[in-house]
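A.B. asks: My questions concern the predicted model and sequence given below.
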Amino acid sequence: MSPAWYLLLLPLVVAAVNHLLLSKQHNIAALVSTASAVATFAIAVSLIGSTASPESYTWISVGDWKLDIGITLDPLSTGMMIVVTGVGMLVHIFSLAYMKEDSAKARYFTGLSLFMFSMTGIVLANNFIMTFIFWELVGLSSYLLIGHWYQKDSAADASKKAFLTNRIGDFGFMIGILLLWNITGTFTFGEMKVPSGLETGILSAAVLCIFCGAVGKSAQLPLHVWLPDAMEGPTPVSALIHAATMVAAGVYMLFRMQLSLGFEVFQTLQASTIIAWTGGITSLVAALMAIQQNDIKRVLAYSTLSQLGYMVMAVGFVAGDAGMFHLFTHAWFKALLFLGSGAVIYACHHEQDIWKMGGLLKKMPITGFTFLIGFLALIAVPGTSGFFSKELILEAAHKAGSPLFWIAAFVALLTPFYMTRLFVVAFLGKTKSDHADHAHEVGPLMWGPLALLAVMGLIAGYPFINKLAPALPDHAGEFHFGFIAIVSLVALIGGVLGGFLLYNGKTKDPLSIPLLQNRFYIDRLYDNFIVKYLQDAFAAIVHFFDELFINGLFVGGISRGAQGLGLLIRRMQSGNLQTYAAFLGAGVLFVIYLVVF
Amino acid sequence: MSSFLFLIPFLAAIAIIFGSPARLTARGAAIATFLLGMYAATDWSNAMWSFTFSALTIPSLDMAFGFLNGTSVVMVALAVIVLLAAVFTGKAPEGREKLYFASSLLIGAGAIGAFVSTDLFFFYAFHELALIPTFLMIGLLGRGSRKEIAWKITIYLGVGSLILLAGLVWLAREAGTYNIITMLAAQKAGTLQIDPTTQKSIAALLIVGFGTLVSLFPFHSWAAPAYASAPAPTAMLHAGVLKKFGLYGLLQLAVPLLPIGMNAWLTPLLVLLLGNILWVGLVTINQKRLDSMLGHSSVMHMGYIFLALAAVVASNAAGKTNQFGIPAATVLMFAHGISIAMLFGLADRIERSTGSLDFSDLGGLAKPAPVLAFLFGIAGMASLGLPGLANFSGEVMVFLAGFEGRDATASLGPVQIATILSLWGVVISAVYVLRAYRNTFQGPTVNSTVSATDLTLMEKIPAILLAIALLVVGIYPRILLQLLS
C-alpha cells in the first residue's frame, strides 16, 4: 500500500480505536491521537514532490460502470496536506494542555482524529463523489466537535446549525456534480474535459451548483451564519477546522475543479463573475461585522469569513493560485491567532470578552508576542506572509478591472482597523477585570505550537518555502512597488492608525453601530423568518392538510366505506380481533376462489 | 432448501403456540434462520435453493420457491438480519410472551416466504399471512388508541391488498401462468406481449395496490400511527422488512413486465413520490414525538426507492438501459430496512427508560446513556444519508440513476427534475433527524432522563448487529452489488 493510503487511514483507525477501546483512558487516547497526527505530518512531508498515483479501490460497480476510491498526488494535494497535517499536529499538541481538565477528553481527540481522516480524504480525493463523501464526513466531525460540550444548549444548537447550513450548500453541490457528470461523462478529476463547442451557460449552471457546496463549507454569504456560532466548540477546534483547514476546503475544491477542467474555460464563464462577487461581498460584509464584535473568538471568526471571501474572489477571477497561496499563509497565521486566543481564554478562566481583558501582552509575553505576529501577518504588514498573498489577490482583482478591487482595498483598510481594536483592547493598556489581572503565561505545550506557527506566519510567504505550498503563482513572494502596493499600504496605515487612535486607552467601545452588532440582522432573519415561518409554519400547514384531507376526508372516506363492509362481517363474528383476521382471511379466500374456480 | 428459510420461523411460531418456551424458541429459530439466510446469500445461484411442488393439478397451482435474482437474496438477507434483531429487542408484557414472540416469527416467516416465492399466488399469500400477526400485535399490545389504529390499518391494507390482488390476477391471466420465472423468461424472449391498454390498467392497479402497502403518497396515512403504536419488534419487522414487499413487487413484476403501462403513469408516479419526499418530509419536521417522527420519516424515504424505479421505467421507455436503478433500489431497501429497524428498536428502549417519547419531555440523554446515544446517532446519521453508512450508498446511486445517460445539452427531463427536487429531501431529513437528536440526547438532562440507564449487554447486541450491517454496506456496498450482477 502506498504511504498516501496510510496518511488517509491512520487517523480513521486511531479514531475507531480511541472510541471503542480507549474511551475511558483519556490520557492514552489523547496521546495516541497526537502521535498519529505527528506521524501523518511525517508522511505528508515524505510525500512532497511525489506525483505517482497510488493504487485505487473500487467502491461501487454496477454493470460495466465502476467508481474508484483513489488518491491524487500532485503539488496541490501534497501541499495542502502539509497545511492540514502541520496545523493539525500543532493543534493536537496544544489541545493536550488546553483540554487537560475536560471530562470527555477521549471523545474530543476521537473527534479530532475523525476530522483528520475526513479532511485528508477531501484533499486526496481523485473524483467528485469521493470529495462529496469526505465533504459530508468533515461536516460530521465539525458537528461532533462544535457540539463537544453538548449539554450546553448553545453548543448543541450551534452544531446543528452548522450541519444544516452545510446541507443546504450540499444540496446544490450534489446537483452540480450530477450536471458536470453529464457534461464530462466522468467523476474523475484527471479525466475531465469540457467538450468543445459546449454552450457556456450549461457549464456555468453546473459550476454554480458546485459552487453552492463551497458557499456552505467556506461560509460565504448567504450561508455564512454557521461559522461564528461554531465558535461554541473548543478553541483549538476553531483554529484547526473553522479557520485553517475545513472552511478552506471550498476554495480547494473549486481550484481543483478549475485545474481539472482547464483554466481557460473559466475565463469567460458567467459563473466566474458570480463567484468573484460572492467572495468580494462576503469579505466586505464580514469585515464590517467584525468591527463591532466583543467576543475575541467572534472577531477572529468574522475575520476568517472575510479572508475566505478574498480567496473565493480570487478563484472567481481565475486566479485560484493566488487564492490557494492566501489559503496557505492564512492557515498558519489564523491558526496562530485562534490558538493565541485559546491561550488567552484559558489564562483568563474562560473569559472571552475583549473588554474584560487588557494588558495581556505584559501578563503573557510569549502568547502576546506571538499573537502580535499573527496580527501583523493578518493585516498584511510588508514582510509577513499575509502581505505577499494578499498582494496577489489585490493584483488579480486589479487585473480583472473589476470594481471589486476597490471593495477588496476597503476590506484591506477594515482588517487592520478591527484587528488593531482587538489587539489594543485585549493586550495593551490596563487590565480590565480580575480574570485578566490574574492571568499568567501558559505552559510550553501551549506556547510551543504558538511559537512554531508564528515562525510560519512570518516566513510562509517567501520563495524558499514554495515547495510546501499547494499552488503558487509565478511571482509569489516577490514584491513590486507600484499602484497596488501603494493602495494596500495606505489602507494598512489608515486602518491601524484609525484603530489605535479610536481604541487606545478606552475601557468601553466608543462606537456603537447596532446594524453591525446585530450582524446586519441576517441571523435573525433566518431564525425568525426562514426557519420559523418558511419552514416550520409551512410544515405545520402541510401537516394540517395531511391530517384534514389525506387522513380525514380522502382516506377516511375509503375506510368508512370499508368499515361498513367490516361491520357486516363483524355482525357475523364475535369479538373485534377475529374480525380483523377474518377480513384479511377473506382476501386469501378470494384468491383461492379465483384461482380454483 | 429455500423453503426452510420460512419454515424454521413458521414452525417455531407454531411450537411457541403449543407451549414451547417462547423467548428461547424464538431466539433459537431466529439465529438458525439468520445463519441459513447468510449461507444462502453466499451461494444463492445453486440449484438446491429452488424447489417446485405441485399443489393442485387442475387448475395447476405450484408451490414454487427459490430466488428470482439477486434482489430476492438481498431482501432475504435483510429479513433474516432484522428478524434476529427483533427477537432480541424490546420486552414482552407479562403473560403475553407467546403472542409477542410468535408474532415476530410469523411476520418474519411471511416476509421471507414472499421474497422466496417464485409463484404469484404464494408471493401474495405469504404477505397476507404476515399481516395478520401485525394487526394482532397492534390491536392487542399496541400503545395509544390501539384498537382504532389496528382497525384503520386492517381496512387500509386490506383494501390495498384487494386492489393488488385484482392486478396480480389480471397479470397472471394475461401471462397465462402464475409462475413468475416463466413470466419473466417469456417477457425476455419476447413471447409475452401484453397490449398497451391492458398494461396501463394493470399497472394502475399494481401502483395503487403495492403503493398502499409501501405507503406511497397519498395512501400513507396508515403508516406513522401504526408504527408509533406497534410494539418494537413489530414496527421493526413491518417498517424494516414487510413493507418492502410492495416495492419488491413493483420492481420484480411491474417494471419488467409492464414497461409501457408503467411509463404511461410515469409523471403521476413522480408527483406521488415527490409527495412522499417533500410533503411527508415537511409533515415529519412538524412531529412532536420521536415515534411518530420515525414513522413519518420511514414513509418519506420510500420516495427515493420509487424514484429509482421511475428512473428505470423512463430509461426502458426510451430504449436505454439504466444500470443504476435496480441496484440503487435494492441497496436502499436494504439500508432503509436496517436503519429504521434500529431506530424503532432504540426508540422503544428510550421510552422504557424515560417513560416518554414526547420531545418536550426529553433532553440530555447522552449524558446518562452514552452508548444508546452513540448507536442512535449512527442510525440517525444513516437515515439522513451520511456517507460511510448504507443509506448513502443507495441514495447516491438513486441520484446517479436519475441523471444516467442524460445528454448535457438537452433540457432536464421529468425524472431529472424529480431527482433535483428530491435532493431537497436530503436537507429535510437532516432537519428532522438532527432536531430529534438535539431534543432527545443533547442539552441539559431533564427529569425523565436524569436517572435513565444505558444499554445493557443484551440490549446492545441487536443494535450493534444492525450498526455493523449499516457500516459494512456503507463502506463496501459491493457486498450487496455483487449479488445483483
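C.D. replies: Sure, I can see it. Numbers count the residues shown, from 1 in each chain, chains lettered A, B, ... in the order given.
A.B. asks: Run a quick neighbour tally on A:Glu264.
C.D. replies: A:Glu264: 11 surrounding residues under other Cβ atoms under 10 Å in any protein chain shown. Where C-beta positions appear, they are placed from N, C-alpha and C, glycine not excepted.
A.B. asks: average pLDDT across the helix or strand hosting B:Ser201?
C.D. replies: Here B:Ser201 sits within helix B:196-213, counting by DSSP states H and E. When pLDDT is averaged along helix B:196-213, the result is 93.
A.B. asks: which residues are contacting the helix or strand following that helix?
C.D. replies: Counting by DSSP H and E, the next helix or strand C-terminal to helix B:196-213 is helix B:223-229. Helix B:223-229 has contacts (Cβ atoms under 8 Å, 6 or more residues apart in numbering or on different chains) with B:138, B:142-146, B:149-150, B:152-153, B:215, B:235, B:238-239, B:243, B:289, B:291-292, B:294-296, B:298-299, B:344.
A.B. asks: Please repeat the previous calculation with a cut-off of 6 Å.
C.D. replies: Helix B:223-229 is contacted from outside by B:138, B:142-144, B:146, B:149, B:153, B:215, B:235, B:239, B:291-292, B:295-296, B:299, using Cβ atoms under 6 Å, 6 or more residues apart in numbering or on different chains.
A.B. asks: After it, which helix or strand is next? Please name it.
C.D. replies: As assigned by DSSP H and E, the chain's next helix or strand after helix B:223-229 is helix B:232-237.
A.B. asks: near chain A, anything from that following helix?
C.D. replies: No. Helix B:232-237 is not in contact with chain A by Cβ under 6 Å from any Cβ of the partner chain; minimum separation 14.0 Å.
A.B. asks: Can you tell me which helices and strands that helix packs against?
C.D. replies: helix B:70-87, helix B:325-354 (3 or more Cβ pairs under 6 Å, 6 or more residues apart in numbering or on different chains; DSSP states H and E).
A.B. asks: okay, that helix in CSV with CA atoms only?
C.D. replies: Only the C-alpha atoms of helix B:232-237 are listed here, as CSV (Å, rounded to 0.1, in the frame of the first residue of the first chain):
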residue,chain,number,x,y,z
ALA,B,232,-41.0,-2.5,18.9
PRO,B,233,-40.4,-5.9,17.2
THR,B,234,-43.5,-5.4,15.1
ALA,B,235,-42.5,-1.9,14.0
MET,B,236,-39.0,-3.1,13.2
LEU,B,237,-40.2,-6.0,11.1
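A.B. asks: I'd assumed A:Pro449 was in contact with A:Leu90.
C.D. replies: Yes. Counting by Cβ atoms under 6 Å, A:Pro449 is a contact partner of A:Leu90 at 3.8 Å.
A.B. asks: which secondary structure element contains residue 132?
C.D. replies: Since no chain was named, I'll use chain A. Going by DSSP H and E, A:Phe132 is in helix A:128-146.
A.B. asks: Actually, chain B is the one I wanted.
C.D. replies: Per DSSP H and E: B:Ile132 is located in helix B:120-141.
A.B. asks: I believe B:Phe53 is in a helix; please confirm or correct that.
C.D. replies: No. Applying DSSP: H, G, I helix; E, B strand; the rest coil, one finds B:Phe53 to be strand, outside a helix.
A.B. asks: what about the residue nearest to it when sequence neighbours are not counted, neighbour count?
C.D. replies: Nearest non-adjacent residue to B:Phe53, counting by Cβ to Cβ, 6 or more residues apart in numbering or on different chains: B:Met63, 4.4 Å away. If you count neighbours by other Cβ under 10 Å, B:Met63 ends up with 16.
A.B. asks: so B:Met63 sits in a helix?
C.D. replies: No. Checked against three-state DSSP, B:Met63 lies outside a helix; its state is strand.
A.B. asks: my read: it touches B:Thr52, true?
C.D. replies: No. At 7.1 Å, B:Met63 does not count as touching B:Thr52 under the criterion of Cβ under 6 Å.
A.B. asks: how about the residues of the stretch 151-300 of chain B near chain A?
C.D. replies: Residues of the stretch 151-300 of chain B that fall close to chain A, judged by Cβ under 6 Å from any Cβ: B:154-155, B:158-159, B:161, B:165, B:169, B:218, B:221, B:279, B:282-283, B:285-286.
A.B. asks: Looking at these, which is nearest B:Gly261?
C.D. replies: B:Val169 (15.7 Å; Cβ to Cβ).
A.B. asks: So which residues make contact with stretch A:9-29?
C.D. replies: A:32-33, A:36, A:40, A:105-106, A:109-110, A:113-114, A:116-117.
A.B. asks: One more: stretch B:22-35?
C.D. replies: So stretch B:22-35 is in contact with B:8-9, B:12, B:15-16, B:80, B:83-84, B:87, B:97-98, B:101, B:105, going by Cβ under 6 Å, 6+ apart.
A.B. asks: TSV for those, including neighbour count?
C.D. replies: Shown next, in TSV, are the contacts of stretch B:22-35 (neighbours: other Cβ atoms under 10 Å in any protein chain shown):
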residue	neighbour count
B:Ile8	25
B:Pro9	30
B:Ala12	27
B:Ala15	17
B:Ile16	26
B:Val80	28
B:Leu83	31
B:Leu84	24
B:Val87	30
B:Glu97	16
B:Lys98	20
B:Phe101	27
B:Leu105	31
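A.B. asks: Point out where chain B drops to low pLDDT.
C.D. replies: B:47, B:55-61 (pLDDT under 70).
A.B. asks: what residues go with each domain of it?
C.D. replies: When chain B is parsed with automatic domain parsing, its domains come out as B:1-264, B:265-485.
A.B. asks: how distant is the first one from the center of its chain?
C.D. replies: For domain B:1-264, the distance from its own C-alpha centre to the chain's C-alpha centre is 10 Å (Cα atoms, centre = their mean, to the nearest Å).
A.B. asks: again with stretch A:484-493
C.D. replies: On the basis of Cα atoms, centre = their mean, stretch A:484-493 sits 29 Å off its chain's mean C-alpha point.
A.B. asks: ok, which stretches of chain A are strands?
C.D. replies: Using DSSP state E, the strands found in chain A span residues A:57-62, A:65-69.
A.B. asks: Adding mean pLDDT, distance to A:Val215 and mean neighbour count, write those strands out as TSV.
C.D. replies: Shown next, in TSV, are the strands of chain A (pLDDT from 0 to 100; distance: least, Cβ to Cβ, whole Å; neighbours: other Cβ atoms under 10 Å in any protein chain shown):
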stretch	mean pLDDT	distance to A:Val215	mean neighbour count
strand A:57-62	90	27	18
strand A:65-69	88	26	16
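A.B. asks: Ok, which of these comes nearest B:Met262?
C.D. replies: strand A:57-62 (21.0 Å).
A.B. asks: out of the contacts of helix B:223-229, which are inside helices?
C.D. replies: Under the assignment DSSP state H, those contribute B:138, B:146, B:149, B:153, B:235, B:291-292, B:295-296, B:299 to helices.
A.B. asks: Now, of the residues you listed, which are buried?
C.D. replies: Among those, the ones that count as buried by 16 or more other Cβ atoms under 10 Å in any protein chain shown are B:138, B:146, B:149, B:153, B:235, B:291-292, B:295-296, B:299.
A.B. asks: one step back: same list, the ones in helices among the contacts of helix B:223-229, but as TSV with distance to A:Gly147 please.
C.D. replies: TSV is the format used below for the ones in helices among the contacts of helix B:223-229 (distance: Cβ to Cβ, whole Å):
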residue	distance to A:Gly147
B:Ile138	37
B:Arg146	37
B:Ile149	36
B:Ile153	38
B:Ala235	29
B:Asp291	24
B:Ser292	25
B:Gly295	26
B:His296	25
B:Val299	29
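A.B. asks: okay, among those, which ones form the most distant pair?
C.D. replies: The span of the ones in helices among the contacts of helix B:223-229, defined through Cβ to Cβ, is set by B:Arg146 and B:Val299 at 19.7 Å.
A.B. asks: could you point out the longest helix in chain A?
C.D. replies: Longest helix of chain A, by residue count under DSSP H: helix A:153-184.
A.B. asks: Good, wrapping up.
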